[in-house]
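Colleague: give the three-dimensional model of this entry:
(one chain, ligands or ions: 2)
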Amino acid sequence: MPPHSQPRGILFDLDGTLLHTAPDLVKAINQLRHEYHLAALPFESAISMVGKGAQNLVKRALADALTTVDLTMAYQQFSQHYHAINGDSTEEYAEVTNGLSALYRAGFKLAIVTNKPSEFTLPLLTQFGWKEYFGSIVCGDTLTHKKPHPAPILHACSELDISVSEALMVGDSMNDVLAAQAANCQCVVFNYGYNEGVAIEHALTQNNTVRIFSHFDQLVASLS
Ligand SMILES: O=C(O)COP(=O)(O)O
Ligand SMILES: [Mg+2]
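Modeller: Ligands and ions are numbered 1, 2, ... in the order given. As a prediction, the model looks like this:
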């Protein structure tokens, strides 16, 4: 398949791509730090720790106290905090619901491929009314491996019953780009997301074939 040919399946990252989850994530992280008598992290520092799943987020957020922290217990504490507020201050990026609905109605097979654990992902998909759109939902704890490993992308393709050459990965970070490259899958990224604190334009090398969009409408238009 030549680069940029029309896909049959579209695999979406969640945090930083479909949903601006940062306000709730940062709040839960700072509630956790408060329990450990640690100062609140500034918003931008906390959000740069998002990307490699919630267990890694907790580890990164407690880096200044790691020698004294039981990470299993800390994750449980974070999970309680985040469950209590998950979705409260989370917003979809502009035109995401309209765009997903249009792509679904146009016959594309859609999937979620996120590093976010399923316990937090599924309630958000229900809250935003998106669950019916997705023929596959691969979360950070669905498989042994998370992005940037290619396995989540390959698993979603298998569940959608398409070959990876017929898929397009849509994300916001190098975890999405590297997973797509390892799986040999087309990839586009939005530049409004998180990418662990680094502008995605700077992270991508010049000869990279990944397209960069700044609005969800641009993705939908590129697939019409
Ligand atoms: O939970 C994370 O760390 C990131 O989630 P994402 O893969 O949807 O960006
Ligand atoms: Mg993301």
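Colleague: state the number of residues packed around whichever residue of the chain sits closest to ligand 2.
Modeller: Nearest residue of the chain to ligand 2, counting by Cβ to the ion: G16, 3.7 Å away. Just so you know, the C-beta spots here come from the backbone N, C-alpha and C atoms, and that holds for glycine as well. Residues contacting G16 under the criterion other Cβ atoms under 10 Å number 26.
Colleague: avg pLDDT for whichever strand or helix holds F78?
Modeller: Element membership for F78 (DSSP states H and E) is helix 71-85. Mean per-residue pLDDT for helix 71-85: 97.
Colleague: same check on stretch 194-201?
Modeller: The model assigns stretch 194-201 a mean pLDDT of 92.
Colleague: interface residues of this structure facing ligand 1?
Modeller: 13-16, 50-54, 57, 114-116, 140 (Cβ under 6 Å from any ligand atom).
Colleague: for the following helix or strand past the helix holding F78, what is the distance to the chain centroid?
Modeller: Following helix 71-85 in sequence order, the next helix or strand is strand 91-92 (DSSP H and E). Relative to the centre of its chain, strand 91-92 is centred 13 Å away, using Cα atoms, centre = their mean, to the nearest Å.
Colleague: quick one: average pLDDT of strand 91-92?
Modeller: pLDDT averaged over strand 91-92 gives 98.
Colleague: hang on, isn't L18 packed against E95?
Modeller: No - counting by Cβ atoms under 8 Å, L18 does not reach E95; the two are 10.8 Å apart.
Colleague: between the two, who's got more neighbours?
Modeller: Neighbour count, other Cβ under 10 Å: between L18 and E95, L18 has more, with 27 against 15.
Colleague: ranges for the strands of the chain?
Modeller: With strands called from DSSP state E, the chain shows them at 9-12, 19-20, 91-92, 109-113, 134-138, 167-171, 186-190, 211-213.
Colleague: which residue, other than its chain neighbours, is closest to Q55?
Modeller: For Q55, ignoring the flanking residues on the chain, the nearest one in space by Cβ to Cβ, 6 or more residues apart in numbering is Y75 at 5.8 Å.
Colleague: burial measure for the one you found, as a count.
Modeller: Y75, neighbours per other Cβ under 10 Å, totals 18.
Colleague: what parts of this structure come near ligand 2?
Modeller: 13, 15-16, 172-173 (Cβ under 5 Å from the ion).
Colleague: among the residues you listed, which two are most distant?
Modeller: D15 and S173 (8.7 Å; Cβ to Cβ).
Colleague: outline the domain layout of this structure.
Modeller: 9-20+90-222, 22-85 (automatic domain parsing).
Colleague: ranking these by burial, who's on top?
Modeller: Comparing the domains of the chain by mean neighbour count (mean count of other Cβ atoms under 10 Å), domain 9-20+90-222 ranks first with a mean of 19.
Colleague: between the two ends of that one, how far is it?
Modeller: 14 Å (Cα to Cα, to the nearest Å).
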